[in-house]
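K.L.:
here you go, sequence then predicted model.
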Amino acid sequence: MQAAKTTRKVLFDGPEWTFELMEKARDAIEDIALNDLGLEIYPNQIEIISSEQMLDAYSCAGLPLMYQHWSFGKHFVRDDTLYRTGRQGLAYEIVINSNPCISYNMEENTMAMQTLVMAHAAFGHNHFFKNNYLFLQWTDAAGIHDYLAFAKNYISACEERYGLDAVEEILDAAHALQAQGVFRYGRPPQPTAAERQAMQRVRDGYESSQSLLDLWTDSTMRHEGEDSEDEDPQISARQKELNLPQENILYFLEKNSPILRSWQREILRIVRCLAQYLYPQKQTKVMNEGCATFVHYYIINKLHERSQLTQGAYMEMMHSHTNVVLQPEYDDPRYGGINPYALGFAMMMDIRRICQSPTDEDREWFSDFAGDPDWRGVLRHAWANYRDESFIQQFLSPHLIRKFKLFTLTNDAKHPNLLVSQIHNRAGYRDIRRDLAQSYNLAYLEPDIQVTDVDLRGDRELKLTHLVRNGIQLDTVNCEEVLKHARKLWGYGVKMTATNEGDGQNF
Amino acid sequence: MHHFIDRRRNPKGKSLGNRQRFLRRARDNIKERVDRSVRGKTLQQDSGDPNEGEKVTIPAKGLKEPRLAHSATGGLRHHVLPGNKEFVVGDTIPRPQGGAGQGGSKASEDGEGEDEFSFTLSQDEYLEILFDGLELPDLVEKNTFETLTVGTRRAGLTTAGSPNNLNLVRTMRNSLGRRIALQRPTMAAQKEIESQIEELEMKEPLTTKQQKLLQELQARLEAIERKRRVVGYIDPLDLRFDTYVPEKIRNSKAVVFCLMDVSGSMQEREKDLAKRFFLLLHLFLTRGYEQTEIVFIRHTHHAQEVDEEAFFYARETGGTIVSTALEKMKEVIADRYPTDEWNIYGAQASDGENFGNDSQRCKTLLLQDLLPVCQFYAYVEIVDEDADMLLSNAEAGEDLWQAYRQVRNKVQHFEMQRVSLPSHIYPIFREFFLPKIKGAQHAGS
C-alpha cells in the first residue's frame, strides 16, 4: 500500500478534459469506490452532452427517450428562456436509473468537475439505484430503455393513426392524473373478480370443448357465482367486483372505463408505468443525493490524500461541493426549503461520526450502531433499506438537529398566528425528527384520493374520495380541471367527495 | 465494464416535435401576440438579420397542466425550518401573507403560478404564424413565378457512402458478376462433394480405389473451401452507394417597390399606416423568396428613389403628380431589375389626391408598362378616420381612385383598398393574399 501510494501520479493538470483523462480519472475513482467503500454498481455508460441536449433531457424528466407531448415543449421553452437569460444554470450531470447506468455529463465542465461528477453520479447514484429496495422492487432498470422506446413508438403510431388531437386529449387527461397513477404500497394488483371470471371463462371454454358435459360445467359455475353474490350486500359486492377502493386511479380507468378503446387504455398504461418508474426517486431525494454527495466527498478526499489531484483541482471541487451542500437559514432570502443535498450529506457524515467517535448521547439514541467499526457497512445498509421518511425517522441525531438549529412551526388555520411548537432542545428532538420525517412522507404530501364506488348498472358516476388529513383540503381550481379530464376518460360523471380522516365525516 | 460516449454530435432538435406540439397548442394565443407585435417594427429591422428570433409573451392560460394538490392554505401543518436564532417554544409569529413557509414556494415550482409565459419564436415560426393561411398571388396562373426549392437530386453511384444509401441491386449485380468471373464455387457444389465424402466414409473399409477417390474428393473440397474463403460473397469492391447532391432549383429573387405620396397632405398618421402595409408585404415576401430587396420611391410633383429613413421621415413639399412615381418605378426596373430574373411587386400608398388629369396617365402607365411585368400590385388609399362615406362605398372617390378602379376591372393581379385605422391594415392585407379560390367562391355565390 505504501509503495503504491508513492508511485501514484497526479491524474490531470489543467482545466481541459479529454476522453483519455476521463478514462484515467474513472479508473482511479472506481478503485476507491469498489475496493474501499465497497460499492456495488451497474456498468457505467457516461455520455458527454451539450447544453441544448441537457435542456432536452430536462424537459422530459431526464429520460433518454420520451414520447412527444406539448407539455415537454413548454418545459423546454421555459427552461431554455431561463437559461439563456442567465436566471437558471444547468445541472452538471443527469443520471438515469437503468442498467447500464447512463449518466450525462455537460461538455462545459472542467476536468475537475468531470471527475467530481463521475464520482457523484456514476458511482454514488449508481450504487443507490442498484441497491435501494424501492428501486429494486418497483423499477426494472434493465427494461426501461426498451419500454421507453416502445412507448415512444406506440404513441407516435397512435398519432399517425388516430390524429394528434385524439392522442393529445388522452395524454393531457392521463398526465393530470399521473400522480394518482402509482401503487403506493408494495402489493402488485390482484386480478379483479371480473378478470378472474374472464380467465375462468377461457378455461371453461377450453374444458367444455374437451368435454361433452357442457351443461354440467356451466350450471356448476353459475351456482358458485350466485353463492358469493348472495353473501354480500349490493354495494360491497360491486366494490369487490371492481377491486375497490383503489388508490391508483389511472389503473382503475385503464381497466374499467366503459368508453376507452384499447389504444387509449394502452396510453394510460404507459403514463402510469412511467409514473411508477419515477415514484421511488420522489421518495428518496434526501437519501439519493446524500449518498451521492457523501460518495463524491469521500472519493475526492481520498484521491487528494493519495496525491492524485492537484491543489487547484481539489480546491475547485471543494468549492463546488460547498455550494451544493449550502443550507441557507429560514430567514435568508436564498432559503427555499431544506436542501436535500445538505441534509442528506450531513446525515451520512453524521452516521460515520457516530460509528467512529460516538458521544454518550449517540450511544443512548443509536445503541445499535454507535461505535460500530464498520461505518461503511452501516451506511450501505441504510442506503439499501430506507426511504427519506424512514431514514430521517431512524437516523436523524440530536447532534444534527442542534447543528441545523431546527425548529417546528405550527400553522393552524384556526389561530391567527403561527406557533413555534418545538426547538432544538431535549424536549423537542423527537417531535422535530418526527415532523421532519413526516414532511418527506409522500403519502402525506400528496393528497390521498381513492376510487371508492361506481354503479356500472346505474348512473355510472365514478366516486372519488379524498381522505382529508389535518383539515387540509384540495386546491379547488386544479381539482375541477383534473375532474374534467377524468370525465373524459371515464365517459360519465366523476364526483369528488372529501372525508375526514378521524371521524369519517363527509364534507 | 464501462464506456464513454460522445453525444455532442448527435442530431440537434430532439425536442422539435414537442416544440411543434406546444406551438400548435398555443397557436391562438401566439397568433394574437404576433399580430400585435408586427405594429412596432421597422422594415430595416427585418431586412437585417433573418435569423433573428421574435420574442413572444403569451398568457399561461390554456397551457396549464392541472394536478390534484393540497391547497396552500388551511388546516393544520407543521413546518420544520433550519436556523433558529431567538425562538423558544410558545413564541408566536404573525402569519405571512400569501401562504406560509413551504406552502408559498410550491406555487411556482412548475411555472403554474405565473400568469405569463415568454419565449422566443424563430423567424420561420414567426412568419409562418403571421401569414398563416395566406398564399402568394397568382401562384398557378403565372408560370414566370419562381419559387426557391433546395432539394436533393440523385447523382449517380459511388463506391463509398453510408450504409443507408447502399444500392442493393447494383451491389448484388456486381457481386454476382465477380463471383461468375472468378468462378467462385457455389454452395451446392460444396454440399455435393461433402455428401459424396460422407457416403464414402460410411463404407468402411474402403478399397484402394475408393480411398484414392476419397482423398481426391477431400482435396477438391479443400480447394473449394479455400476459394470460397478467398473470393468473398460480397467484396468491398462490389459496394455501390446512391449519392445525392443538394440542388437549388432556380434562383429566385423579388423586389418590392414602395411608392408613397409625401406631399403635405400626407401627415404622420398616413405615413404610419402606409409603413405598416409596406412592412407586412415585405415580411410576407421574405418568406417566399430567397432574396428580397426593397426600393423606396417617394413622390410629390416629382419622384425620387430614397432610403427608408428619408422615405418615412423626411419632409418634402410640392404638388402631387402620381405618375412621376410610376415613371420612376419603370425606370428603375429597366435599369436594375431585369424581369426574367426578378419577381416584381408594387405597393403604392397615397391619400388619393392627384393633379389634374394625371390619373388617366397613371392608368395607362400601369396597364401598358408596369402590370405586365409585376406579379402583384397593391394600392392602398389612406382616408380620414371619419370618412365613412368613402369607406363604405367603393364607387365614390376622386380621380385616382376611379382610374384605378378601371384598372382593377381589367387586371387580375391588381388590388386596391381604403384604410383609415391601423387595425384595418392587417385584414386588408390578408384579403389581398387569401387563396384566390376563395375569391372565386365569393364571386360565384
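P.N.:
In hand now; what should we look at?

K.L.:
tell me the secondary structure for the residue of the stretch 51-200 of chain B found nearest chain A?
P.N.:
Relative to chain A, the nearest point of the stretch 51-200 of chain B is residue B:83 (2.4 Å; C-beta to the nearest C-beta). For the C-beta atoms, the positions are set from N, CA and C on the backbone; glycine is no exception. Secondary structure state of residue B:83, per DSSP: H, G, I helix; E, B strand; the rest coil, is coil.

K.L.:
what's the answer for residue B:379, then?
P.N.:
Taking three-state DSSP as the rule, one finds residue B:379 in the strand state.

K.L.:
so how far is residue A:479 from the closest residue to it other than its chain neighbours?
P.N.:
Of all residues not flanking residue B:379 in the chain, residue B:416 sits nearest, at 4.2 Å (C-beta to C-beta, 6 or more residues apart in numbering or on different chains). Distance, residue B:416 to residue A:479, by C-beta to C-beta, to the nearest Å: 56 Å.

K.L.:
can you give me the domain assignment for chain A?
P.N.:
As recorded under automatic domain parsing, the domains making up chain A are A:2-132+A:284-318, A:197-239, A:351-444.

K.L.:
okay if I get those as a markdown table plus distance to chain B?
P.N.:
Formatted as a markdown table, the domains of chain A follow (distance: least, C-beta to the nearest C-beta, whole Å):
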| stretch | distance to chain B |
| --- | --- |
| domain A:2-132+A:284-318 | 3 |
| domain A:197-239 | 22 |
| domain A:351-444 | 4 |
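
K.L.:
and among the ones you listed, the most buried is which?
P.N.:
domain A:2-132+A:284-318 (a mean of 20; mean count of other C-beta atoms under 10 Å in any protein chain shown).

K.L.:
average pLDDT for it?
P.N.:
Per-region confidence: domain A:2-132+A:284-318 scores 87 on mean pLDDT.

K.L.:
stretch A:259-267 too?
P.N.:
Rounded mean pLDDT across stretch A:259-267 is 91.

K.L.:
send the alpha carbons of that stretch over as CSV?
P.N.:
Taking Å, rounded to 0.1, in the frame of the first residue of the first chain, the C-alpha atoms of stretch A:259-267 are listed here in CSV:
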residue,chain,number,x,y,z
ILE,A,259,-65.7,4.2,-23.1
LEU,A,260,-61.9,3.8,-23.8
ARG,A,261,-60.7,1.9,-26.8
SER,A,262,-57.8,-0.4,-26.5
TRP,A,263,-55.1,2.0,-27.7
GLN,A,264,-56.3,4.6,-25.3
ARG,A,265,-56.0,2.1,-22.4
GLU,A,266,-52.5,1.4,-23.6
ILE,A,267,-51.6,5.1,-23.4
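
K.L.:
pull out the buried positions in that stretch.
P.N.:
For stretch A:259-267, the neighbour count (16 or more other C-beta atoms under 10 Å in any protein chain shown) marks A:260, A:263, A:264, A:265, A:266, A:267 as buried.

K.L.:
in the stretch 201-350 of chain B, which spans are strands?
P.N.:
Assigned by DSSP state E, counting those that start in this stretch, the stretch 201-350 of chain B shows strands spanning B:241-249, B:253-261, B:291-299, B:303-306, B:342-350.

K.L.:
can you put these in JSON lines and add mean pLDDT and distance to residue A:346?
P.N.:
Shown next, in JSON lines, are those (pLDDT from 0 to 100; distance: least, C-beta to C-beta, whole Å):
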{"stretch": "strand B:241-249", "mean pLDDT": "79", "distance to residue A:346": "59"}
{"stretch": "strand B:253-261", "mean pLDDT": "84", "distance to residue A:346": "67"}
{"stretch": "strand B:291-299", "mean pLDDT": "83", "distance to residue A:346": "63"}
{"stretch": "strand B:303-306", "mean pLDDT": "86", "distance to residue A:346": "72"}
{"stretch": "strand B:342-350", "mean pLDDT": "84", "distance to residue A:346": "70"}
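
K.L.:
from residue A:289, how far off is the closest residue to residue B:81 other than its chain neighbours?
P.N.:
The shortest distance from residue B:81 to any non-neighbouring residue, by C-beta to C-beta, 6+ apart, is to residue A:330 (4.0 Å). Going from residue A:330 to residue A:289 by C-beta to C-beta gives 20 Å.

K.L.:
likewise residue B:66?
P.N.:
Counting by C-beta to C-beta, the gap from residue B:66 to residue A:289 is 29 Å.

K.L.:
give the contact list for the residue of chain A found nearest chain B.
P.N.:
As assessed by C-beta to the nearest C-beta, chain B sits closest to residue A:329 within chain A, at 2.4 Å. With contacts defined as C-beta atoms under 8 Å, 6 or more residues apart in numbering or on different chains, the neighbours of residue A:329 are A:335, A:405, B:82, B:83, B:85.

K.L.:
could you flag which of these are buried?
P.N.:
A:335, A:405, B:82.

K.L.:
ok now stretch B:201-212, how far from the chain's centre?
P.N.:
Here stretch B:201-212 is found 81 Å from its chain centre; the criterion is C-alpha atoms, centre = their mean, to the nearest Å.

K.L.:
with stretch B:419-433 instead?
P.N.:
23 Å.

K.L.:
list the buried residues for that stretch?
P.N.:
B:419, B:420, B:424, B:425, B:426, B:428, B:429, B:432, B:433.

K.L.:
contacts for stretch A:387-396, please.
P.N.:
By C-beta under 8 Å, 6+ apart, the residues outside stretch A:387-396 that reach it are A:132, A:134, A:280, A:283-287, A:347, A:350-351, A:366, A:382, A:386, A:433-434, A:436-438, A:440-442.

K.L.:
tell me the mean pLDDT for that stretch?
P.N.:
According to the model, stretch A:387-396 has a mean pLDDT of 94.

K.L.:
send the alpha carbons of that stretch over as CSV?
P.N.:
The C-alpha coordinates for stretch A:387-396 follow below in CSV (Å, rounded to 0.1, in the frame of the first residue of the first chain):
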residue,chain,number,x,y,z
ARG,A,387,-36.5,5.9,2.1
ASP,A,388,-36.4,9.5,3.1
GLU,A,389,-39.1,9.3,5.7
SER,A,390,-38.0,6.2,7.5
PHE,A,391,-34.3,7.2,7.1
ILE,A,392,-34.8,10.5,8.9
GLN,A,393,-37.0,8.9,11.5
GLN,A,394,-34.3,6.4,12.2
PHE,A,395,-31.0,8.3,11.8
LEU,A,396,-31.5,12.0,12.4
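
K.L.:
the residue nearest to residue A:265 when sequence neighbours are not counted and residue A:139: what is the separation?
P.N.:
Leaving aside its sequence neighbours, residue A:265 sits nearest to residue A:254 (C-beta to C-beta, 6+ apart; 4.9 Å). In this view, residue A:254 and residue A:139 are 19 Å apart by C-beta to C-beta.

K.L.:
before we move on, what about residue B:76?
P.N.:
Residue B:76 is 35 Å from residue A:139, by C-beta to C-beta.

K.L.:
neighbour count: those two, which is higher?
P.N.:
residue A:139 (20 against 14; other C-beta atoms under 10 Å in any protein chain shown).

K.L.:
in contact with the residue nearest to the more buried one when sequence neighbours are not counted, which residues?
P.N.:
Spatial nearest neighbour of residue A:139, chain neighbours left out: residue A:277 (5.1 Å); criterion: C-beta to C-beta, 6+ apart. Taking C-beta under 8 Å, 6+ apart, we find residue A:277 in contact with A:97, A:138, A:139, A:140, A:144.

K.L.:
again with residue A:352
P.N.:
Counting by C-beta under 8 Å, 6+ apart, residue A:352 touches A:375, A:379.

K.L.:
so it is in which element?
P.N.:
helix A:340-356 (DSSP states H and E).

K.L.:
next structured bit after that helix?
P.N.:
By DSSP H and E, the next helix or strand past helix A:340-356 is helix A:360-365.

K.L.:
what helices or strands is that next one leaning on?
P.N.:
helix A:398-404 (3 or more C-beta pairs under 8 Å, 6 or more residues apart in numbering or on different chains; DSSP states H and E).
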